[in-house]
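Trainee: Pasting the sequence and the predicted coordinates here, then a few questions.
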Amino acid sequence: MTGQVLRVLLVDDEPLALRRLGIALREFPDLDIVGTARDGDAAVDEA
């Protein structure tokens, strides 16, 4: 990336997939995982 940090809200209705995605994406220093949600409604509320 260009030195900027990309803020990410992870959304998945499968808890295991959401957890594994979070673990995988934590390897990227240019990503800041700001939260998680289990569905679109929860994601909108979280955003």
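Mentor: Okay, I see it. Numbering: from 1, shown residues only.
Trainee: Could you check how far the longest helix seen in the chain is from the centre of its chain?
Mentor: Longest among the helix segments of the chain by residue count, using DSSP state H, is helix 15-25. In terms of C-alpha atoms, centre = their mean, to the nearest Å, the centre of helix 15-25 is set 8 Å apart from its chain centre.
Trainee: Please find the angle between the direction vectors of the helix or strand that comes right after that helix and helix 15-25.
Mentor: Following helix 15-25 in sequence order, the next helix or strand is strand 31-37 (DSSP states H and E). Relative orientation of strand 31-37 versus helix 15-25 (axes from the mean of the first three to the mean of the last three C-alpha atoms, to 10 degrees): 170 degrees.
Trainee: Tell me the helices and strands packed up against whichever helix or strand comes after strand 31-37.
Mentor: Once strand 31-37 ends, the next helix or strand along the chain (criterion: DSSP H and E) is helix 40-46. With contacts defined as 3 or more C-beta pairs under 8 Å, 6 or more residues apart in numbering; DSSP states H and E, the packing partners of helix 40-46 are strand 6-11, strand 31-37. For every residue, glycine as well, the C-beta is placed using N, CA and C.
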